[in-house]
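Student: Dropping the sequence and predicted coords here.
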Amino acid sequence: MTRATRVLVLNSGSSSVKYQLIDMADGARLAAGLVERIGEGAVPDHAAALDSVAEALGAAGMGLDSPDLAAIGHRAVHGGTRFTAPTLITDEVVQAMRELIPLAPLHNPANITGIEVARKLRPDLPQVAVFDTAFHAAMPESAARYAIDTATADRWSVRRYGFHGTSHQYVSRRTAELLGKSPESVNVIVLHLGNGASASAVAGGVCVDTSMGLTPLEGLVMGTRSGDLDPAVLLHLHRVGGLSVDEIDDLLNRRSGLVGLCGDNDMREIDRRIAVGDQRARLAFDIYIHRLRKYVGAYYAVLGRVDAVVFTAGVGENAVSVRVAAMSGLEALGIELDRTLNAARSREPRLVSGAGSRVAVAVVPTDEELEIAGQTFGLIENAQER
Ligand SMILES: Nc1ncnc2c1ncn2[C@@H]1O[C@H](COP(=O)(O)OP(=O)(O)O)[C@@H](O)[C@H]1O
Ligand SMILES: CC(=O)OP(=O)(O)O
Ligand SMILES: [Mg+2]
């Protein structure tokens, strides 16, 4: 009997479900798709989104009932201190993920729904959770700990966990390949700029710092999230402004960032508005870029020597204007963007730095689904060998 080698990956995000079906025998991507705008009419919730994923796969002759499926891999966002490696999903694992919902309110509920629906459809298949936090678990304590009372921090598991780890891991490895070097020999700053956005400093394949923290709210300015703030802003809004804790949560996670600053969270729309002289869009862009540049500088110092600055995810891969603004005036740091290369469109990993740039500047499309498929298949292969 030939062994099943296909892995279905479900990336259930806050407002979308992305999926890919990959044959691990040859790496072929057999199907891929995206269900967007969950909660807005046609797709009322994540369960409905998964129904339409199952339908699309069925219509393509690759239904979920296929005997060729070896496993289902799931993106899982918050793994806390417990999950630092790909994990075979059991009832107990789902329960542990549920307990982590307060630390990833936009993400863990969607991940759990995806897992529950998929387990109902294929209870016979191994299903694996690959956590956003896992790659960051290696961070040194000096980067992971907040400077608050140690006993209080430990009592409530308050520390920097970091997110988008699957992407930072995949992209940093692909960047080493692009440079023709081993991952162990390169230091890179990865800028994952999607709707959620985070930066990380990766030294020789190991994450040494990242901008998201206890939750995916810290760090860069994002589509709807504030990123870094003086923590006293929250106290002030509560004590003086009279906002409740839930109202502050909603403000910072859903009504801040680019959308809070200018009403739009899509960088394409912001680019268009700036082109016609919209000052609010201009300021939102400038705030976004200012924060991003601060992290590039900070991680340059954390790493000491930087081989590449890498842009990835929706904004990082596509927004020519963001890369220009983020990398301008950094010649003294050895960073020079080539405007022509930067403006060229491509789906391939590529260098966009000038010939004289000491530090490579690269655009490397992320592929969280491919990385999750690899880690999922790796886990079940290992389990079968034992
Ligand atoms: N062609 C483009 N130019 C500029 N920005 C883009 C383009 N395409 C997508 N984006 C940006 O990418 C974002 C989505 O990124 P993505 O990585 O898919 O996010 P997420 O996974 O968090 O949903 C959009 O909100 C938009 O701001
Ligand atoms: C963790 C996180 O912010 O993920 P996303 O960018 O998919 O919202
Ligand atoms: Mg994403």
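Tutor: Structure received. Residues are numbered from 1 along each chain as shown. Ligands and ions are numbered 1, 2, ... in the order given.

Student: how about the residue in the stretch 201-350 of the chain that ligand 1 sits nearest to, secondary structure?
Tutor: Nearest residue of the stretch 201-350 of the chain to ligand 1 (C-beta to the nearest ligand atom) works out as Gly314 at 2.0 Å. To be clear about C-beta, it is placed using only N, CA and C from the backbone, and glycine gets the same treatment. Of the three states, Gly314 takes helix according to DSSP: H, G, I helix; E, B strand; the rest coil.

Student: Pull up the gap between the residue nearest to the spatial centre of the chain and Met212, please.
Tutor: Taking C-alpha atoms, centre = their mean as the criterion, His164 is the residue nearest the geometric centre of the chain, at 2.9 Å. From His164 over to Met212 the distance is 7 Å, taken as C-beta to C-beta, to the nearest Å.

Student: Identify the contacts common to these two.
Tutor: Gly196, Ser198 (C-beta atoms under 8 Å, 6 or more residues apart in numbering).

Student: tell me the contacts of the residue nearest to Val202 when sequence neighbours are not counted?
Tutor: Distances taken as C-beta to C-beta, 6 or more residues apart in numbering put Ser172 closest to Val202, at 4.3 Å, once the chain neighbours are dropped. Neighbouring residues of Ser172 by C-beta under 8 Å, 6+ apart: Pro183, Val186, Val188, Val190, Ser200, Val202, Gly205, Val310.

Student: so how far is ligand 2 from the residue nearest to the centre of the chain?
Tutor: According to C-beta to the nearest ligand atom, to the nearest Å, His164 stands 6 Å off from ligand 2.

Student: So that residue versus Val188, what's the distance?
Tutor: His164 is 14 Å from Val188, by C-beta to C-beta.

Student: Check His74 too.
Tutor: Taking C-beta to C-beta, one finds His74 at 27 Å from Val188.

Student: and whichever residue of the chain sits closest to ligand 2, how many neighbours does it have?
Tutor: Nearest to ligand 2, among the residues of the chain, is Gly196, at 2.4 Å (C-beta to the nearest ligand atom). For Gly196, the neighbour count with other C-beta atoms under 10 Å is 26.

Student: Do I have it right that it meets Gly223?
Tutor: Yes: Gly196 lies in contact with Gly223 (C-beta atoms under 8 Å); the separation is 7.3 Å.

Student: what does this protein have sitting close to ligand 1?
Tutor: The chain comes close to ligand 1 at residues 13, 16, 194-196, 223, 265-268, 313-315, 318-319, as judged by C-beta under 6 Å from any ligand atom.

Student: about what we covered before: isn't the residue of the stretch 201-350 of the chain closest to ligand 1 right next to Asn195, touching?
Tutor: Yes: in terms of C-beta under 8 Å, Gly314 counts as a neighbour of Asn195; the distance is 6.9 Å.

Student: so what sits against both of these two?
Tutor: With C-beta under 8 Å, 6+ apart as the test, Gly314 and Asn195 reach no residue in common.

Student: Lowest mean pLDDT among the helices and strands of this protein, which one is it?
Tutor: Of all helical and strand segments in the chain, the minimum by mean pLDDT, DSSP states H and E falls on helix 46-59, at a mean of 89.

Student: what distance separates that helix from the centre of its chain?
Tutor: Centroid separation for helix 46-59 versus its chain: 23 Å, with C-alpha atoms, centre = their mean, to the nearest Å.

Student: Determine the set of other helices and strands touching the longest helix belonging to the chain.
Tutor: The residue-count maximum for a helix in the chain (DSSP state H) belongs to helix 279-303. If contacts are counted by 3 or more C-beta pairs under 8 Å, 6 or more residues apart in numbering; DSSP states H and E, helix 279-303 sits against strand 187-193, strand 197-203, strand 206-210, helix 257-262, helix 267-275, helix 320-327.
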